Structure formats: C-alpha cells, structure tokens
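Participant: What follows is a predicted structure for the sequence shown.
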Amino acid sequence: AQRVTQPEKLLSVFKGAPVELKCNYSYSGSPELFWYVQYSRQRLQLLLRHISRESIKGFTADLNKGETSFHLKKPFAQEEDSAMYYCALSGRQGAQKLVFGQGTRLTINP
Amino acid sequence: DAGITQSPRHKVTETGTPVTLRCHQTENHRYMYWYRQDPGHGLRLIHYSYGVKDTDKGEVSDGYSVSRSKTEDFLLTLESATSSQTSVYFCAISERNGGGELFFGEGSRLTVL
C-alpha cells in the first residue's frame, strides 16, 4: 500500500531562515514523488517532482530511498512562501493514483 | 489555470438528501479524479475515471458514486448525505494516470447539517 506521512501540521519560520518540510513515504515499488502547494485563494498546483530534479521558486527536494523521504527545502524563506504544502506519491506501474500526505501549513513570519 | 470548473462551489444540505457535484473540463484530458480535503487527513481519493464510462474506486469511496458519460464531465453523487461527508471536494484532471501532473479545480465546499 502507498502511504505518505507529513509529520508537521504547522510550521512557522522567520523570513530569511531556512525551511524544511518533511515527507516520508511507504511504497514497495519504485515511487514517483511530488510536492503540491496551495497558496491562499489559489488552486492546488504542482510545485516540483523528483524526476525533474529542478529547483522551483528556490525550493528543492531530494528523494532518499534509504530513508524513504522526500523533504522539501529552501535556504532562505520568503513571506510569499506561506501556503499549504502537500507531499504526494504515485507508483510507476499499473493503474496509479496520486496519494497525498496530510499537509503542512507553512507560515513565514516577517 | 487549466480549464476545470466545479459546481456548485458552495452547498449546504441536510442529512439524508442526495447531492451531486459536477466537474467540467475543457482540456480533453483522459483522467479525472475526485478528492476530498479534510484537516488532518490531507487529500483523499474518492473515485477516479480513466475514460468515458470507465471509473474505479479510491481509498474513501463508501457513500459516493460517480459517472462519466462524456469526456468533459465527471459527476460525484452522494446518494444520502451524512454529516461525515461535510468537506471540501476537489476535482482534478491529468493527461496520464499517476505520474502526470494533476490540475485541480477550485473546490466545492459541502456542509451537511
């Protein structure tokens, strides 16, 4: 079974500080991992996916298969990063559905 | 924003009444999904569709049914609404299942009294 765990419901950091949103997953096969973000009054949207290995809005995430983690990181938080963040997982084979974690609400304090 | 619209956006109903939520897309994407969003649970998949008249259950499908008679429309029906179905419902679409990017609607807030 696929499972995604985001241990922090709420995370608050100061502007300019580093931020890390944790995500752990459970999946027996080879996973595809994603981070989705929902800004205030906007639709849920894809932030980044592990296969593209890119940095979006200063955020990066590395898939660590040994620790089954896909933590989202940004070295210097900005106020516009305040949002709800969801980690999501999809299996690569067969009929796949995107399974989401519980979400972390990130607040950047000025 | 991808061409996805949900209706109604807000609805208040009473326990035991039927409710239908509609998702309409103009992107001609094959896959469509219904999720519910609840505090502490994140988004949970209710049902999804991989083509016209082709649907399957998600992890929280009890009490819900879906239909897809046209590529562009995916309906979610609560035959007899209960208070536990008070939630925000999101429709999403994708070109391919799982590994593709999901595009979400704005959500439909349902309150069952």
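Facilitator: It's in.
Participant: Now do the phi/psi pair for A:S52.
Facilitator: phi -90, psi -20 (degrees, to the nearest 10).
Participant: Around it, how many other residues sit close by?
Facilitator: 9 (other Cβ atoms under 10 Å in any protein chain shown). In short, each C-beta sits where N, CA and C put it, glycine included.
Participant: and what of A:T104?
Facilitator: Residues lying near A:T104 (other Cβ under 10 Å) number 21.
Participant: now B:Q25
Facilitator: As a burial measure, B:Q25 scores 20 neighbours (other Cβ under 10 Å).
Participant: Looks like it contacts B:Q6 (just checking).
Facilitator: No - using Cβ atoms under 8 Å, B:Q25 is not in contact with B:Q6, being 10.1 Å away.
Participant: biggest strand in chain B by residues?
Facilitator: strand B:42-51 (DSSP state E).
Participant: Strand partners (parallel or antiparallel) of it?
Facilitator: Applying DSSP bridges, strand B:42-51 is found paired with strand B:31-38 (antiparallel), strand B:54-57 (antiparallel).
Participant: List the buried residues in the longest one.
Facilitator: In other words, strand B:31-38. By 16 or more other Cβ atoms under 10 Å in any protein chain shown, the buried positions in strand B:31-38 come out as B:Y31, B:M32, B:Y33, B:W34, B:Y35, B:R36, B:Q37.
Participant: need the contact list for A:K22.
Facilitator: Contacts for A:K22 were tallied using Cβ atoms under 8 Å, 6 or more residues apart in numbering or on different chains; they are A:Q6, A:P7, A:E8, A:S69, A:H71, A:T104.
Participant: which among those residues gets closest to chain B?
Facilitator: A:Q6 (7.5 Å; Cβ to the nearest Cβ).
Participant: Quick check: closest non-adjacent residue to the closest one.
Facilitator: A:G101 (3.9 Å; Cβ to Cβ, 6 or more residues apart in numbering or on different chains).
Participant: Please, which helix or strand holds B:E101?
Facilitator: Counting by DSSP states H and E, there is no helix or strand that carries B:E101.
Participant: how far away is it from chain A?
Facilitator: With distances taken as Cβ to the nearest Cβ, to the nearest Å, B:E101 is found 5 Å from chain A.
Participant: pLDDT score for that residue?
Facilitator: The score at B:E101 is 82. That number is its pLDDT.
Participant: check contacts around the nearest residue to it once chain neighbours are set aside.
Facilitator: Once flanking residues are discounted, B:E101 sits nearest to A:L46: 4.8 Å by Cβ to Cβ, 6+ apart. Listed by Cβ under 8 Å, 6+ apart, the contact partners of A:L46 are A:F34, A:W35, A:Y36, B:E101, B:L102.
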